[in-house]
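Student: Return a 3D structure for these sequence lines:
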Amino acid sequence: MTNVVPVEPFTGEWYPGYKPEFFDFPYVVDAPSPFKPGDEQAFWFLDFHWSRGLTPLAATLWSADGYCHGTQSASENLPLPPGRGVTCRFAGTHLYGSPIPEDDPREINARAQRLARNLPHFLQNFTSIWEAGRDELEDTWNYFQGIDLTKVPREDFPKLLHQARRYHKRAMEIHFAVMYPMLVNFLSFYGSCAEMGIDTNLIGKFLQGEDTKIMELDRELYKLAIKAREAGLSQVFAENEPENMRQALLAHGGSASQWLTDFDDWLQVWGHRSDATCDVGVPSWIEDNTNAFGNIKTFLMKDTDHDFDAAQRNAIEEREAAIEAARSGLTKEEQAVFDGGLAANRAANFPWWQDDHNFYIDLKVMLPLRHICQELAARVGADDKNDMIYLFWPELLEVANGKPYAGELRSLVADRRQYFDHWFHKRAEMPKVLGTIPESVEDPVLIEIFGINPGSLRAVQNPDAAEQTQLAGVPAAKGRAVGVARVLQSSDELHRVAPGEILVCESTSPNWTPAFGKIGGAVCDGGGMLSHAAIVGREYGVPTVTAVGVATIAIKDGDTIEVDGTNGKVTILKRAADLAGADT
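Tutor: Numbers count the residues shown, from 1 in each chain. A predicted model of the protein is given here:
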């Protein structure tokens with residue numbers, strides 16, 4: 001029997017003052033909106049990228065320009081035979097996505113033929129295609145970096161806002177236009193390996209061991225921790241919370257002053273990144289140093305430093321051993337197929353790109369618009385520098401064009417802040433899925449990136465999920481670890497994770513990467529073989545299980561758990577409540 005999780009509880013009024021025309025933009029297939037009657041006929045998954053929820057402006061940017069324009073235009077232009085991209089709905093401030101299927105057999109066949117013609121050209125020219133897109137975005141980033149917003153005439157703000165949004169939208173076009181053909185190429189190789197009897201859990205290993213900009217960022221951050229230790233600052237970090245660290249270091253003086261200079265120099269190179277994916281509502285590390293200080297603080301708690309070079313050597317050795325083992329069981333004809341598929345995937349390496357591109361896109365393309373909004377807030381006398389991100393796009397343009405902010409809009413922003421905070425605290429209660437739940441899904445993005453598979457779908461529908469002590473998921477990165485579970489809602493809390501603890505979360509994105517230099521293991525509700533958690537877990541040698549479905553429901557903060565990343569098993573060994581009772 002088909003299981004339907006009703007959307008009706010989430011079809012009421014959305015943000016105070018919201019009007020449907022606020023999302024009146026051109027779309028390729030389907031437009032975003034709050035949930036509405038009839039949406040229960042589709043399948044909707046809670047997207048782990050925005051566990052805080054999205055402000056009105058952030059909702060406009062990602063849902064309109066990312067999901068609905070980026071994915072739909074890319075899948076139509078490539079095209080993907082069975083799918084037309086992704087659409088989205090909002091339950092409160094929380095975003096749910098849904099794949100848009102292509103059901104017409106004639107169209108599916110025509111799209112498959114077009115894909116067969118287009119894909120070889122992309123694969124042969126992947127490096128130049130990606131580098132051209134990356135360089136275009138970097139040129140635009142540098143344009144915004146060269147603007148002193150405090151000196152921009154008031155009448156120029158509408159133009160600047162349009163430019164900043166176009167930068168974000170163009171980034172989404174480049175992102176998905178590169179991502180989708182790479183994913184198709186990977187899945188073709190995956191299918192060939194499966195047909196030849198190769199363990200598909202090994203395929204991710206065939207492509208690991210490549211360096212990325214995100215890993216380079218992590219290494220440089222770790223070097224700052226080592227410098228802090230060498231400067232005798234470990235005690236300062238141990239005795240102070242991350243949000244107070246700058247003041248503590250300034251008060252300490254001496255070697256701390258030079259270290260802070262080095263830290264600020266590091267921020268100018270690496271700090272243009274936020275702790276969220278394309279979310280204009282979240283500050284960069286330059287604006288808010290808390291997580292950078294917090295990660296350094298916990299790095300200093302480790303008994304031994306993470307050896308990045310050794311981890312990469314191990315990843316390469318494991319890769320070569322896995323390839324050799326796979327080839328040894330094949331016939332000569334099969335080896336030729338395997339070698340050809342492997343070469344194509346190494347030339348256009350999806351796991352490498354999936355992490356590397358985030359430095360240029362996901363972690364910073366929203367920052368110019370954020371900075372412009374903050375300057376506009378100052379110009380109109382807003383109560384808070386971030387008030388403008390609680391406006392929808394048409395409202396923001398009206399303010400930029402001179403509409404008074406005082407009065408109605410100021411009152412709406414106050415109400416919307418309360419609305420956002422209310423739904424922020426409801427995140428743990430949000431259903432993992434809504435609408436008509438299928439037995440399986442075919443969309444490769446949902447399977448390999450979001451980790452939506454028959455096992456995870458069964459798990460999220462289990463009424464006894466919170467009581468489970470044995471969990472199963474995708475064996476994303478091999479190894480076994482036992483430790484205390486640290487259950488986090490967002491990467492804002494990464495400084496809470498002590499060395500050797502097990503990170504438990506909905507899933508990770510690049511803003512979580514520094515944690516992998518200190519954790520003992522990782523367990524995620526979502527994420528497939530090509531998810532960030534799986535890729536980084538393999539590169540850092542951290543036992544990781546993804547696509548558990550209900551990890552954040554079944555595992556409680558402080559539980560002692562075992563992670564078996566080789567077999568995709570998670571066991572709750574001791575409950576935090578029981579441990580607390582034993583201590584009293």
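Student: those strands in the chain, which residues are they?
Tutor: Ranges of strands within the chain are 3-5, 33-34, 43-46, 83-91, 94-101, 433-437, 470-472, 474-477, 480-487, 502-505, 521-524, 544-546, 560-564, 569-574, based on DSSP state E.
Student: do you know which of those strands lies nearest residue 318?
Tutor: strand 474-477 (10.1 Å; CB to CB). Glycine gets a C-beta too; all of them are placed from N, C-alpha and C.
Student: Each with direction, which strands does that closest one pair with?
Tutor: strand 544-546 (antiparallel) (DSSP bridges).
Student: List the buried residues in the strand it pairs with.
Tutor: By neighbour count with 16 or more other CB atoms under 10 Å, strand 544-546 contains the buried residues 544-546.
Student: want to throw those into JSON lines with pLDDT and distance to residue 386?
Tutor: Formatted as JSON lines, the buried residues of strand 544-546 follow (pLDDT from 0 to 100; distance: CB to CB, whole Å):
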{"residue": "544", "pLDDT": "97", "distance to residue 386": "34"}
{"residue": "545", "pLDDT": "97", "distance to residue 386": "36"}
{"residue": "546", "pLDDT": "96", "distance to residue 386": "33"}
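Student: what about residue 187, how many neighbours?
Tutor: Neighbour count for residue 187, taken as other CB atoms under 10 Å: 16.
Student: Tell me the confidence at the residue nearest to it when sequence neighbours are not counted?
Tutor: Distances taken as CB to CB, 6 or more residues apart in numbering place residue 444 nearest to residue 187, at 5.1 Å, with adjacent residues excluded. Note on residue 444: pLDDT of 70.
Student: For residue 444, give me its contacts.
Tutor: Residue 444 sits next to 183-184, 187 when contact means CB atoms under 8 Å, 6 or more residues apart in numbering.
Student: of those residues, closest to residue 235?
Tutor: residue 183 (48.0 Å).
Student: I'd assumed residue 351 was in contact with the closest one.
Tutor: No: contact criterion CB atoms under 8 Å: residue 183 and residue 351 do not qualify, at 10.9 Å.
Student: So for those two, which residues contact both of them?
Tutor: residue 530.
Student: Looking at these two, which is more packed in?
Tutor: Neighbour count, other CB under 10 Å: between residue 183 and residue 351, residue 351 has more, with 28 against 22.
Student: Now do the same contact list for that one.
Tutor: 204, 207-208, 210, 530, 535, 538.
Student: Put together CSV for those, with pLDDT and neighbour count on each row.
Tutor: Formatted as CSV, the contacts of residue 351 follow (pLDDT from 0 to 100; neighbours: other CB atoms under 10 Å):
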residue, pLDDT, neighbour count
204, 87, 27
207, 94, 21
208, 93, 22
210, 93, 19
530, 88, 27
535, 92, 29
538, 91, 27
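Student: And the furthest pair within those?
Tutor: 210 and 530 (13.8 Å).
Student: In a markdown table: the strands of the chain, plus distance to residue 313.
Tutor: What follows is the strands of the chain, written out as a markdown table (distance: least, CB to CB, whole Å):
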| stretch | distance to residue 313 |
| --- | --- |
| strand 3-5 | 46 |
| strand 33-34 | 50 |
| strand 43-46 | 37 |
| strand 83-91 | 38 |
| strand 94-101 | 38 |
| strand 433-437 | 41 |
| strand 470-472 | 31 |
| strand 474-477 | 16 |
| strand 480-487 | 21 |
| strand 502-505 | 24 |
| strand 521-524 | 21 |
| strand 544-546 | 19 |
| strand 560-564 | 23 |
| strand 569-574 | 28 |
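Student: Ok, which of those strands comes nearest residue 253?
Tutor: The nearest among those, by CB to CB, is strand 480-487 at 33.5 Å.
Student: helices or strands next to the closest one in the packing?
Tutor: Where contact means 3 or more CB pairs under 8 Å, 6 or more residues apart in numbering; DSSP states H and E, strand 480-487 is packed against strand 502-505, strand 521-524, strand 560-564.
Student: now the first one: mean pLDDT?
Tutor: If I follow you right, that is strand 502-505. 96.
Student: so where do the helices sit in the stretch 1-150 of the chain?
Tutor: For the stretch 1-150 of the chain, applying DSSP state H, counting those that start in this stretch gives helices covering 56-59, 72-77, 105-124, 126-145.
Student: out of the ones you listed, which comes closest to residue 372?
Tutor: helix 126-145 (8.6 Å).
Student: contacts for that closest one?
Tutor: With CB under 8 Å, 6+ apart as the criterion, helix 126-145 contacts 122, 163-164, 167, 170-171, 174, 177-178, 182, 347-348, 353, 357, 360-361, 364-365, 368, 371.
Student: Weed out the non-buried ones from those.
Tutor: Judged by 16+ other CB under 10 Å, buried ones among those: 122, 163-164, 167, 170-171, 174, 177-178, 182, 348, 353, 357, 360-361, 364-365, 368, 371.
Student: Return the subset of the residues you listed lying in helices.
Tutor: Taking DSSP state H, the ones among the buried ones among the contacts of helix 126-145 that sit in helices are 122, 163-164, 167, 170-171, 174, 177-178, 182, 353, 368, 371.
Student: List the buried residues in stretch 337-355.
Tutor: Per 16+ other CB under 10 Å, stretch 337-355 contains these buried residues: 337-338, 341-342, 344-345, 348-355.
Student: Now do residue 559: how many residues are near it, please.
Tutor: 23.
Student: Could you measure from it over to residue 369?
Tutor: Residue 559 sits 40 Å away from residue 369, taking CB to CB, to the nearest Å as the criterion.
Student: tell me which residues of stretch 127-144 are tucked away?
Tutor: Buried, per 16+ other CB under 10 Å, within stretch 127-144: 129-130, 133-134, 137, 140-141, 144.
Student: meant to ask about stretch 304-324
Tutor: Buried residues in stretch 304-324 (16+ other CB under 10 Å): 306, 308, 311-312, 314-315, 318-319, 322-323.
Student: contact partners of it?
Tutor: 202, 205-209, 211, 215, 218-219, 222, 225-226, 299, 342, 517-518, 538-541.
Student: which of those are buried?
Tutor: For the contacts of stretch 304-324, buried by 16+ other CB under 10 Å: 202, 205-209, 215, 218, 222, 225, 299, 342, 517-518, 538-541.
Student: Inside helices: which ones of those?
Tutor: 215, 218, 222, 225, 299, 342, 538-540.
Student: Format the ones in helices among the buried ones among the contacts of helix 126-145 as JSON lines; extra columns: distance to residue 401.
Tutor: Output for those, formatted as JSON lines (distance: CB to CB, whole Å):
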{"residue": "122", "distance to residue 401": "41"}
{"residue": "163", "distance to residue 401": "15"}
{"residue": "164", "distance to residue 401": "16"}
{"residue": "167", "distance to residue 401": "20"}
{"residue": "170", "distance to residue 401": "23"}
{"residue": "171", "distance to residue 401": "25"}
{"residue": "174", "distance to residue 401": "29"}
{"residue": "177", "distance to residue 401": "33"}
{"residue": "178", "distance to residue 401": "35"}
{"residue": "182", "distance to residue 401": "41"}
{"residue": "353", "distance to residue 401": "39"}
{"residue": "368", "distance to residue 401": "19"}
{"residue": "371", "distance to residue 401": "19"}
